[in-house]
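> Sequence plus the predicted model coming up.
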Amino acid sequence: MSKQVLVWDLPLRIFHWSFAASIIGCWVTHELGSDYIDWHMQLGYVAMGLLLFRVLWGFIGTKHARFASFFPTPGKIRHYLANSDEKHVGHNPLGSLMVFTMLLLVLVQVSSGLFVDDEIFTTGPYFNALGGEVDSLMNTLHHNAFDFIAVAIVLHVIAVIFYQRVKKHNLVKPMITGKKNSNDMKEVDAIAGSRLLLAIVLGLLCAGFVYWLVVINAPVVEEFY
């Protein structure tokens with residue numbers, strides 16, 4: 001008799017949906033214009049903290065959250081493409097590739113935003129700290145990287161729909177409940193818990209680091225008129 005067993009820990013699931021919300025929020029506040037630039041920046045800092053949490057959770061989190069369990073090597077990708085009906089408890093190789101791509105793109109987006117000046121009301125905390133050439137590069141990256149993020153999001157949504165409609169694999173429900181059917185996995189693949197205390201401590205440390213980075217450590221740049 002099949003039963004539902006835990007695969008995705010709660011911190012990972014909270015990260016997943018919060019990260020998506022922060023990215024969407026950054027896009028919406030950008031589209032709404034300069035009146036919402038402060039919200040845009042604050043959401044960018046939230047995305048940065050979540051990104052840092054996910055990177056660290058990828059090393060100390062539960063089994064299927066760890067990068068070592070789903071790193072998309074060329075061999076794994078080729079094998080999956082040749083055996084696409086093979087079931088994976090965690091991320092399959094193509095899904096893994098999307099995870100790393102999205103993390104890298106958002107890293108570029110949030111880090112470059114620290115150096116951006118909107119030329120109206122607000123500047124990033126590190127604008128003009130490393131010179132005009134760096135600011136120019138970061139401005140270019142910040143205003144173009146999101147196009148790639150948007151493409152990645154669309155591809156992700158298409159993949160989720162494809163797996164739901166064609167392969168009959170529901171990828172959304174497990175990312176909400178954290179559980180999968182025991183018939184689709186081995187008993188050893190289940191996780192015992194979510195390591196909530198560790199996740200809370202890590203989350204607080206990540207929030208503290210972002211605050212230090214953008215408030216306490218932000219350089220004071222002298223301007224001369």
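Done, it's in.

> Going by C-alpha atoms from here, please, whenever you check contacts or count neighbours.
Fine.

> Not counting stretch 142-161 itself, show me its contacts.
98, 101-102, 105-106, 108-110, 112-113, 116, 170-172 (Cα atoms under 8 Å, 6 or more residues apart in numbering).

> would CSV of the residues you listed with neighbour count be doable?
As requested, the contacts of stretch 142-161 are exported to CSV (neighbours: other Cα atoms under 10 Å):
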residue, neighbour count
98, 18
101, 15
102, 18
105, 16
106, 22
108, 16
109, 23
110, 22
112, 24
113, 24
116, 25
170, 15
171, 15
172, 12
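
> helices and strands around the helix or strand encompassing residue 205, which ones?
Under the criterion of DSSP states H and E, residue 205 resides in helix 196-211. Of the remaining helices and strands, those touching helix 196-211 by 3 or more Cα pairs under 8 Å, 6 or more residues apart in numbering; DSSP states H and E are helix 10-32, helix 37-60.

> Mind listing what's buried along stretch 207-218?
207, 209, 210, 213, 218 (16 or more other Cα atoms under 10 Å).

> quick one on the thing from earlier: and the contacts of stretch 142-161, which two are the farthest apart?
The distance between the two most remote of these (Cα to Cα) is 39.9 Å, for 116 and 170.

> Which secondary structure element of this protein has the lowest mean pLDDT?
None of the helices or strands of the chain scores lower by mean pLDDT, DSSP states H and E than strand 179-181, at a mean of 89.

> How far does that strand sit from its chain's centre?
Put simply, strand 179-181 sits 23 Å off its chain's centre (Cα atoms, centre = their mean, to the nearest Å).

> partners of that strand in the sheet?
Here strand 179-181 has these sheet partners by DSSP bridges: strand 4-6 (antiparallel).

> Let me see the residues that make contact with the strand it pairs with.
So strand 4-6 is in contact with 178, 179, 180, 181, 182, 190, 191, 192, 193, going by Cα under 8 Å, 6+ apart.

> list the buried ones in the lengthiest helix in the chain?
For the chain, the longest helix by residue count, based on DSSP state H, is helix 132-165. By neighbour count on 16+ other Cα under 10 Å, the buried set for helix 132-165 is 134-136, 138-139, 141-142, 145-146, 149, 152-153, 156, 160-161.

> That one to helix 10-32, inter-axis angle?
Between the axes of helix 132-165 and helix 10-32, defined by axes from the mean of the first three to the mean of the last three Cα atoms, to 10 degrees, the angle is 120 degrees.

> Quick check: buried residues in stretch 6-22?
6, 7, 8, 9, 10, 11, 12, 13, 15, 19, 22.

> pull the CA atoms of it into CSV?
Provided in CSV are the C-alpha atoms of stretch 6-22 (Å, rounded to 0.1, in the frame of the first residue of the first chain):
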residue,chain,number,x,y,z
LEU,A,6,8.6,13.5,3.0
VAL,A,7,11.1,14.4,0.3
TRP,A,8,11.3,18.2,0.2
ASP,A,9,12.0,19.9,3.6
LEU,A,10,9.9,22.8,4.8
PRO,A,11,12.7,25.4,4.6
LEU,A,12,13.3,24.5,1.0
ARG,A,13,9.6,24.9,0.1
ILE,A,14,9.4,28.2,1.9
PHE,A,15,12.5,29.3,0.0
HIS,A,16,11.0,28.2,-3.3
TRP,A,17,7.8,30.2,-3.1
SER,A,18,9.3,33.2,-1.3
PHE,A,19,12.1,33.4,-3.9
ALA,A,20,9.5,33.3,-6.7
ALA,A,21,7.4,36.0,-5.0
SER,A,22,10.5,38.2,-4.5
